[in-house]
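**Student:** Give me a model of this one.
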Amino acid sequence: MNGYLNYNSEFKDVVNQITRSIELDNSIETFYINTEVYPSNKSLDDFLKTLNAQGIKGYGKQTTSDLNLMFSKAIERAKASGISILISDGIYSLEKVNEMEQLKGILKREKLATRNALIRAIRGTDFQTHIIKLESKFKGRYYTVDGNNFNINNEIRPYYVWIFGDGKEVQEILSIIKSRGLPGYQNSANFFIVPDKGLEYSILPNGPGKIGTFSRSDYETKVIHEIQDTDPARGEDSFGFNLMIDLDTWLPIDSEFLSDLDNYEVVSPQNSYSITRIEQADQFDSRTKTALKSLNLGSFKPSHNLYLKCEGRKRLGEIQINLKYVTPRWIESSSTFSDNEYNTKTMGFQILMEAFTEAYEVLNDTKYLATTNLKIDK
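**Tutor:** This is a model prediction of the structure:
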């Protein structure tokens with residue numbers, strides 16, 4: 001990590017911005033960690049002033065890092081005293097390897113240790129893990145998986161910020177640090193326990209995605225989950241409607257994930273329905289806003305507008321729309337098994353992050369983050 005500390009890099013700016021933002025209303029303890037955990041025993045002012053290669057000299061073996069130790073200690077401290085923030089390049093220090101399959105095997109064994117530490121820590125809690133990918137200038141030695149190393153001179157490299165803690169506290173910290181505004185911000189993802197409360201959603205009677213005609217089946221309820229008197233567009237076989245849903249209140253997930261069509265699954269008669277478009281609340285047009293106002297949904301405030309369309313005559317029946325529990329695509333694209341991609345990707349990163357995906361899958365025991373059920377009658 002020393003390569004990020006040699007001058008006024010984005011890395012140092014991020015550490016400064018995060019800690020200075022948090023210190024206004026919170027106490028902060030700082031540590032160095034590689035193969036052991038070392039309290040800095042410094043004030044925040046001194047910690048930031050000495051955030052350089054000379055300032056961290058003497059704190060353990062700096063060419064080696066034990067990621068499993070890092071994660072387990074960060075999680076322990078988060079459970080004991082609030083929030084833990086870990087900043088690392090996300091690379092396991094491994095024994096020298098010469099074959100790719102050997103490397104993958106070692107990474108997978110390391111991953112299982114990380115996964116189990118997470119499961120033990122998270123079980124029975126509302127523990128969240130938030131990860132932010134950033135980039136920074138780097139000037140220093142890069143150590144390869146085959147035991148060699150070479151010099152990198154002022155090139156951009158990725159690194160990561162992990163935030164561990166109670167769900168509510170993690171979201172409060174994120175609102176304070178404003179991660180999207182951090183220098184070098186690239187992507188983020190949140191891992192969490194799926195809430196056990198009711199998801200709010202409703203079909204919109206006269207939305208912009210309406211194709212053909214229909215009426216609501218039940219006028220006693222504010223929300224619409226069932227429609228009838230359905231007819232396709234005149235002279236066509238297509239039929240469509242808008243589904244308004246509040247995912248932001250329900251799920252602490254990055255907006256890009258919620259707007260990605262590939263993250264949704266539509267189960268319908270003969271797979272006749274599909275989602276053709278997703279809008280966030282700030283994209284709602286005047287027709288959507290007018291239709292929402294006339295529906296009078298009370299405290300229900302939709303965060304997303306899903307456009308559903310049926311091609312063909314199989315429009316009738318039950319429809320289930322699922323938001324899939326999948327790893328964000330940026331994680332795979334950030335991973336490599338080649339040391340030649342050091343300036344854009346991270347060695348074995350996808351396998352590392354599988355530890356988090358698998359841990360939360362085990363604890364959530366579900367394939368889906370959210371599910372809606374609709375019925376279309378004749």
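
**Student:** For the rest of this, base every contact and every neighbour count on C-alpha atoms.
**Tutor:** Will do.

**Student:** Kindly confirm my reading that residue 203 is in a strand.
**Tutor:** Yes - under DSSP: H, G, I helix; E, B strand; the rest coil, residue 203 falls within a strand.

**Student:** Quickly find the element holding residue 193.
**Tutor:** Per DSSP states H and E, residue 193 falls between elements, in no helix or strand.

**Student:** my guess is it contacts residue 129, does it?
**Tutor:** No - contact criterion CA atoms under 8 Å: residue 193 and residue 129 do not qualify, at 9.9 Å.

**Student:** residues in contact with the helix ranked longest in the chain?
**Tutor:** Ranked by number of residues, the top helix in the chain under DSSP state H is helix 100-122. For helix 100-122, the external contacting residues (CA atoms under 8 Å, 6 or more residues apart in numbering) are 68, 71-72, 75-76, 79, 92, 94, 97, 337, 348, 351-352, 354-356, 358-360, 362-363.

**Student:** Likewise for stretch 310-329?
**Tutor:** For stretch 310-329, the surrounding residues in contact (CA under 8 Å, 6+ apart) are 189, 237-240, 257, 263-270, 272-274, 357, 361, 366-378.

**Student:** and with 7 Å instead?
**Tutor:** With contacts defined as CA atoms under 7 Å, 6 or more residues apart in numbering, stretch 310-329 is touched by 237-240, 257, 263-269, 272-274, 357, 367-378.

**Student:** then the helix or strand harbouring residue 48 to CSV, C-alphas only?
**Tutor:** Taking DSSP H and E as the definition, one finds residue 48 inside helix 44-49. What follows is helix 44-49 as a C-alpha-only set of coordinates in CSV (Å, rounded to 0.1, in the frame of the first residue of the first chain):
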residue,chain,number,x,y,z
LEU,A,44,-6.3,12.1,13.9
ASP,A,45,-4.2,15.2,13.0
ASP,A,46,-1.0,13.3,13.5
PHE,A,47,-2.3,10.2,11.8
LEU,A,48,-3.1,12.2,8.6
LYS,A,49,0.1,14.2,8.8
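
**Student:** Flag every buried residue along it.
**Tutor:** 44, 47, 48 (16 or more other CA atoms under 10 Å).

**Student:** for stretch 167-180, same thing?
**Tutor:** So stretch 167-180, judged by 16+ other CA under 10 Å, has buried residues 167, 170, 171, 173, 177, 179.

**Student:** Name the residue most distant from the centre of the protein?
**Tutor:** Residue farthest from the centre of the chain, counting by CA atoms, centre = their mean, is residue 235 at 43.9 Å.

**Student:** for that one, what are its contacts?
**Tutor:** By CA under 7 Å, 6+ apart, residue 235 lies in contact with nothing.

**Student:** switch to 10 Å and redo it
**Tutor:** residue 212 (CA atoms under 10 Å, 6 or more residues apart in numbering).

**Student:** go on, the one 3 residues further on?
**Tutor:** Residue 238 makes contacts with 211-212, 231-232, 272-273, 309-315, as judged by CA under 10 Å, 6+ apart.

**Student:** before we move on, what about residue 76?
**Tutor:** Counting by CA under 10 Å, 6+ apart, the residues that residue 76 touches are 70, 82, 83, 84, 117, 118, 121, 164, 165.

**Student:** helix/strand/coil for it?
**Tutor:** Per three-state DSSP, residue 76 ends up helix.

**Student:** Only the buried residues of stretch 25-45, if you could.
**Tutor:** 30, 32, 33, 34, 35, 40, 44.

**Student:** Determine which two of the residues you listed are furthest apart.
**Tutor:** The distance between the two most remote of the buried residues of stretch 25-45 (CA to CA) is 22.9 Å, for 35 and 44.

**Student:** can you pull out the helices in the protein?
**Tutor:** Going by DSSP H, the chain shows helices at 10-23, 44-49, 67-81, 100-122, 167-177, 255-258, 286-295, 329-333, 349-364.

**Student:** before we move on, the earlier item: confidence-wise, which of the buried residues of stretch 25-45 comes last?
**Tutor:** Lowest pLDDT of the buried residues of stretch 25-45: residue 35, 77.

**Student:** doesn't residue 69 make contact with that residue?
**Tutor:** Yes - when contacts are counted by CA atoms under 10 Å, residue 35 is listed as touching residue 69 (7.2 Å).

**Student:** Can you check which residues contact both of these two?
**Tutor:** By CA under 10 Å, 6+ apart, no residue touches both residue 35 and residue 69.

**Student:** sorry, back to before: closest to residue 146 among the buried residues of stretch 167-180?
**Tutor:** For the buried residues of stretch 167-180, the residue nearest residue 146 by CA to CA is residue 179; the value is 34.7 Å.

**Student:** Any idea which residue is closest to the centre of the chain?
**Tutor:** The chain, centroid-nearest residue using CA atoms, centre = their mean: residue 189 at 1.6 Å.
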